[in-house]
Every structure is written in C-alpha cells, then in structure tokens.
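*Asks:* Below is the sequence, then the predicted model.
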Amino acid sequence: MRKPLHLVVLFTAAALAIALILWLGREPTRADDPVPWEEYGGLDGYYLARGWTEGYVSKKRPTIAPSQVTGTLSYTVYLPLVIKDEAVLRETRAVWVTRWDFRTLSDVQAIVDNAAYANLNVIFFQVRGQGDALYRPGLEPWSAVLTGTLGKDPGWDPLAEIISRAHARGIEVHAWINAYPAWLGTTPPPTNTWPEHMYHAFNRAYGNEWVHWYYGPPPTPTTLNSNYLWASPGHPTVADHIVAICRDLLMRYDLDGLHFDYIRYNDHGRPYSYDPLSLSGYSQASSVSPSLTYADWQRAQITGLLERVRRDALPLRPRARLTTTAWPIYNKALYSWFPSTGPDGYNDLYQDSIGWAQQGTASAIMPMLYTVSIHDYRDRFAQLTQDFVNSARPGSVVIGIEGNYDSFPDPFAEIAWRIETARQAGARGQCLFSYRLFDERNYWQALRNGPYRTPAIPNWP
C-alpha cells in the first residue's frame, strides 16, 4: 500500500532536517590546515605556512566619509579622540594587518577605508618582521616585501601613510613588531644594506652566541633554516637593540602604541635557549637566589624586555599603549582537552602573559584563540576567554578572533558569536585576524550591520 504523497514529503523533509542538524553538530575537522597552528605559532606564521607571502591586493569596498558616521562618536581629524558625549560606546575593535596585506598606497587607503566602514578603531600595522623595517629605516634596513630587495627604498613610507590616513578617520595605529625573529630562510641577508642587518652585525660582534641554542644535549646553536632564526632573549644586546627600535619608532612617528608578537621563546619540540650568555646569566642569578629555576629566569628575560620598553621607550609618547599577543593556552595543566605534547605559554614558551595583564606590564594582551585545538570548538573558546578575563585586570584582555570559518550556511555567524561571547565574558574588545581574511570574505558590511553597528572608541585600561 502506497503512502499518501503528503506523508512522503513530510518524512523526507524531516529526514533532511535531521541530517542537517547532525551535519551542523558534527565534530569538525581542519583539513585545510597544512600543519597544526601550534607548530608554527605567531600571527604571520599562519601566512608563512600557507605560502601567502607574495603580497595581496586589497579590494575596494564602499566607504563613508567621517561626517556621515551616525551615533554618539565625534572626533577631530587628529588623535586623541575628543569625546562630546560621555555615554559614547567604549570597546576596543582592532585588526591585525600583516606586512603581506599591502603593496601600494591604494592598498593602505583601502585598509583604512574598510576599517572605518566596519567601525573598527585600532589597526595593528606590522612594521618589523625579521630584523627589517616597513617604515623609513632608522636602525634596520627596508624590508624586501615591497621591492623584492632587502634595503631598497620603495619610494614611500607605509607607516607614515597609514598613520596619516587612519588618524583622519579617528582610528588608532599601533606599530606591530616581531620581537625575536631575526631572519627567515636558508640563505643569509645581503651584506650591502644600510643600515646593516642585525644578522651580520651581531655575528661579527658575538659569533653565534646571540641566537637560540637548543639542548640536545649538548647545547647546539641554531642555524639558518626554513623557519625563523630566533635571537636569544637572554642576550643583553638583543634586548638593547629591540628597545632602541621602539624608541626610534616612538620618536619619529605619531603612534598610538607598540604591539609585540613572538614575544616568547621558540618551540619546535626542543628546549630553548641554552646559549652561553643565558647559561652564564642564570648561573649568576641562581648563586644569589638558589631556588630560582631556569624556567623562572627565562620568563624574567621576556618580562624584563617589556618592562624596559615601558620604562625607556613609552615615555617618549606618553599616551601610547604597550600591547602583546598571547599564546592561547597559558597553562595546559588546566585543560584536559589540550594535548600534553602541545606547548603552553607559561611552561614551554616562558611567556607570562597573564602576569603582564595582572601587573600592568602590558596595557592589554591579545590571546590568539583560533589554533587548531580551539578553532572549531565553541566551548573551548568560551572557556579560554572567560579564564583570561577572570585572571587579568579589567580591560586588559582583547580576544583574538580569526576570520576563516566555513560553517554552513553563514560563516560570519561564527565570528559574530565569538564577538558576543567575548563581550559576555567581560572582555572589553576584540582583535580580528586578519585584514586579508576579512577582506577576502568581504566581511566589512557584515561587521557594520551586525556586531559593530554602533561606532565605539577603544577601551584601554
């Protein structure tokens, strides 16, 4: 006996609905990831792993003039913002712009236009990737990103241009600095640049004692390879060099802040760094404080660099902020779902990000909550967000959210959910990774019509 047609249609529709629910609730995979995020780390490591280093041309989006912005935000054409309404919404809305996200002046203008259109208010603009400069050089040579040749002047200054254009739209610009990566690749940088690249200057002065050494045993210096060559946080002159770069940037540019990435020790399955100067420094420190562990000493080197930047560089521009990225897992012992072999920030990379946020060493930290073990798990994202917020000073946690989701039928819903979850947890801001990912997916309109409908000013502590 044949079933009535309406019942067949009803049963078919129900089966499809159940199938869709099961598909949406599936345990997702990240087959598009060439390697686990935790294995390459850092913000631009995501680009390096995918071969996205040949440049990117921004796509022009509809923009609005500052005078057309609605809401309670009002500002002059220069920072700091002038607030006429004390009830104005305060929320840090930042975007990471890598050195591979622009090539021309029109790219820089598109970055600012899109950020303004989406009601973002902070741009983290990468100016140092591997001992080079994406600004008019002072202490390091021009990056090869714009011209293909290290040390070659491209004829324009990306940092000066984005500051001028962003400030005219009421957007802050923070110089994003890769702290310890000194070079990338198997061949050394050219020797004929001005200024001389630190690879050659430091090799001449210190041999191989200024780079990371891994403990085999015995301790062995790292050499040029397919990954970054890392400078040792335990070498005093490395710290001097980074502080000098920060001072130079703040003296010459109207920056709203400095932003550090790779502000930690390296980790490629080996313990770092056992270079001679670090071992000597620890020996001297432990002779005074016998209970001091080598891990404690290494954490102190990273924290000490930030303290020096805050003390010796930041006063050159008193309103400037000091912020850092944060490894997404602070202490893996707290999370049963995190693989025991995976590195955490505190114990394996010697990055005390929560300590910086508690003590005000950094104005704010940006946990990068989109690694392979987190990306597709809402519960883990919510748990980590709440833990970071609960452990830090109010306002000192800005949650890092990635733009690469492919959930059906609305990928942007994953981003909107994470923005709202961060707000509900008490985070006073979000940082979007990255400009390229959001531009490729044309999410500027979705941000403007959705979670960033109302303009806001940054909410720093």
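*Replies:* Ah, there it is. Numbering: from 1, shown residues only.
*Asks:* Which parts of the stretch 201-350 of the chain are strands?
*Replies:* Along the stretch 201-350 of the chain, the stretches classed as strands by DSSP state E, counting those that start in this stretch are 213-215, 219-221, 228-230, 257-261, 321-326.
*Asks:* can you list the residues that contact the third one?
*Replies:* Right, the one you point to is strand 228-230. Strand 228-230 has contacts (C-beta atoms under 8 Å, 6 or more residues apart in numbering) with 130, 180-184, 199, 211-212, 222-223, 262, 265-266, 272-273. (C-beta placed from N, C-alpha, C; glycine too.)
*Asks:* pLDDT averaged over that strand - what is it?
*Replies:* Taken as a whole, strand 228-230 has a mean pLDDT of 96.
*Asks:* Indicate each strand paired with that strand and its parallel or antiparallel sense.
*Replies:* strand 181-184 (antiparallel) (DSSP bridges).
*Asks:* Averaged pLDDT, the partner strand. What do you get?
*Replies:* Rounded mean pLDDT across strand 181-184 is 97.
*Asks:* OK, contacts around residue 459?
*Replies:* Contacts of residue 459 by C-beta under 8 Å, 6+ apart are 90, 91, 92, 395, 428, 429.
*Asks:* Return the item of these having minimum pLDDT.
*Replies:* residue 395 (91).
*Asks:* wait, that one sits on residue 458?
*Replies:* No - the criterion here is C-beta atoms under 8 Å, and residue 395 misses it with residue 458 at 9.8 Å.
*Asks:* of these two, who's got more company?
*Replies:* With neighbours defined as other C-beta atoms under 10 Å, residue 395 and residue 458 compare such that residue 458 has more, 25 against 20.
*Asks:* Could I get the phi/psi values of the nearest residue to the more buried one once chain neighbours are set aside?
*Replies:* Leaving out its chain neighbours, the residue that sits closest to residue 458 by C-beta to C-beta, 6 or more residues apart in numbering is residue 92, at 4.5 Å. Dihedral angles of residue 92 (phi, psi; degrees, to the nearest 10) stand at phi -80, psi 120.
*Asks:* any chance of the strands of the stretch 201-350 of the chain in TSV, with distance to residue 299 and mean neighbour count too?
*Replies:* Shown next, in TSV, are the strands of the stretch 201-350 of the chain (distance: least, C-beta to C-beta, whole Å; neighbours: other C-beta atoms under 10 Å):
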stretch	distance to residue 299	mean neighbour count
strand 213-215	17	18
strand 219-221	19	16
strand 228-230	16	24
strand 257-261	15	27
strand 321-326	14	25
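*Asks:* Out of these, flag the one nearest residue 170.
*Replies:* Across the strands of the stretch 201-350 of the chain, residue 170 has its closest neighbour in strand 257-261 (15.3 Å, C-beta to C-beta).
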